[in-house]
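S.K.: just coords:
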């Protein structure tokens, strides 16, 4: 639903309340209109998916007081916004964390938000249906254009286009052992100068123990970093399904 709320010292319209969004988003045009400066921004380490489903690097994050409702029926919290340069019909997007901090209950059918106000009473705010429809249509149009543009961009980066061979290393490669074992080897450009090739090979051999040649070379990996498990119940008895055979006609098509 689309609402009007106070962010910072200004009343901002066309705010999308999106329970599917992890973060709050403030678009750059709003950031500039509020008179905020880049010096107010903190670094944001992660990318954000834009309208064209492509990743965008944010300008940074900023924390601002945010309130919904009017007068005594108001609730205010500090909210962190990711400042993003992208084409959108909305000025701001409120994500799950701030929605939870505001203690909001949303009825999408009635387009009403109920929340606990700062004085402990129950406040409400209605969404703007006409604005929501207008923004939704505009966003669909922008998403389509953005996808078309990003599709061209991504196609140009694809290494497998029109059945052309993948890029190969420049020059002829030379195989050399990293250790005494025949199985532990890699390749280096044969045309490298002696002054560059020999120190590079020595450095690789000196650090040969850092390479994982087999799964056994990667023990004691922290499960918080990487793990794999089967989502099955321990008390359930395993059952082997019977083999399903295909007709010869289908088998031939699969083989093709």
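M.R.: Received it, and whenever you're ready, just let me know what you need. The structure presented is a predicted model; accordingly, all values stated were derived computationally and were not measured. Numbers count the residues shown, from 1 in each chain.
S.K.: buried ones in stretch 190-198?
M.R.: Applying a neighbour-count criterion of 16 or more other Cβ atoms under 10 Å, the buried positions in stretch 190-198 are residue 197. From N, CA and C alone the C-beta is placed, and that goes for glycine too.
S.K.: now what about it, what contacts it?
M.R.: Applying Cβ atoms under 8 Å, 6 or more residues apart in numbering, the contact partners of stretch 190-198 are 171-174, 188-189, 200.
S.K.: For that stretch, measure first residue to last.
M.R.: According to Cα to Cα, to the nearest Å, stretch 190-198 extends 11 Å from its N-terminal end residue to its C-terminal end residue.
S.K.: One more: stretch 181-200?
M.R.: End-to-end span of stretch 181-200 (Cα to Cα): 19 Å.
S.K.: gap between it and the chain center?
M.R.: Stretch 181-200 sits 38 Å away from the centroid of its parent chain (Cα atoms, centre = their mean, to the nearest Å).
S.K.: Please apply the same query to stretch 201-212.
M.R.: Centre-to-centre, stretch 201-212 and its host chain are 34 Å apart (Cα atoms, centre = their mean).
S.K.: tell me which residues in that stretch are buried?
M.R.: The neighbour-count criterion (16+ other Cβ under 10 Å) identifies residue 201 as the buried residues of stretch 201-212.
S.K.: now do stretch 22-40
M.R.: Taking 16+ other Cβ under 10 Å as the neighbour-count basis, stretch 22-40 is seen to contain the buried residues 23-27, 30-31, 34, 36.
S.K.: for these, which one is nearest residue 77?
M.R.: residue 24 (10.7 Å; Cβ to Cβ).
S.K.: Any stretches of the stretch 51-200 of the chain with poor pLDDT?
M.R.: For the stretch 51-200 of the chain, applying pLDDT under 70 flags the ranges 51-56, 87, 139-171.
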